[in-house]
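Enquirer: Can you look at this prediction? I've put the sequence above it.
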Amino acid sequence: MKKVLYICRHNSGRSVMAQAFTNALGRGRVEAESAGLEPRPVLANVVQVMREEGLDVSGHRPQSVFDLYREGRRYDVVITVCDDAHEAECPIFPGIALRDHWPFPDPSRASGSPDEQLAYVRTIRDAIKHKVLNWLESDPLSR
């Protein structure tokens with residue numbers, strides 16, 4: 001089984017959603033984990049919009065990408081899902097076959113009414129799901 005690591009700023013939104021979709025849609029071909037540069041608890045809006053997709057991320061435990069690096073963890077693919085400003089801060093893992101960057105807006109920056117905030121996070125969720133589906137269908141891990 002191939003191993004994928006998703007990295008974002010806080011491991012509280014984008015990387016959590018990408019991990020959940022990859023594990024749910026990867027049909028046992030891939031195991032995804034996620035981590036952050038500055039880990040924080042999962043955002044309540046992220047928990048809610050993922051629950052709408054039938055995925056429970058409420059028990060996700062944020063972890064530091066730097067801790068994983070120091071532990072010597074190995075991944076076949078590392079994908080950063082943070083904005084372009086923070087992509088350069090992510091460490092390069094040894095032994096990686098593939099590295100990619102998928103910039104998505106930060107769900108913690110949702111503003112407006114509660115309904116507007118949820119709509120914003122749903123848009124990000126749907127974009128991440130679409131990207132994960134296309135990526136899995138392209139079978140990048142068979143190369």
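Expert: Okay, I see it.

Enquirer: which residues are in contact with the biggest helix by length in the chain?
Expert: When secondary structure is assigned using DSSP state H, the longest helix within the chain turns out to be helix 114-137. Contacts with helix 114-137, where a contact means Cβ atoms under 8 Å, 6 or more residues apart in numbering, come from 13-14, 17-18, 21-22, 25-26, 29-30, 43, 45-46, 48-50, 52-53, 81, 102, 104-105, 107, 110-112. C-beta: built from backbone N, CA, C; applies to glycine.

Enquirer: How about stretch 14-24?
Expert: Stretch 14-24 is touched from outside by 4, 6-8, 30-36, 42, 46, 50, 53, 55, 57, 60, 79, 81-82, 102, 104, 106-107, 124-125, 128-129, 131-133, 136, with contacts defined as Cβ under 8 Å, 6+ apart.

Enquirer: Which members of those residues occur in strands, if any?
Expert: The strands, defined by DSSP state E, take in 4, 6, 7, 8, 30, 31, 32, 33, 34, 35, 36, 79 from these.
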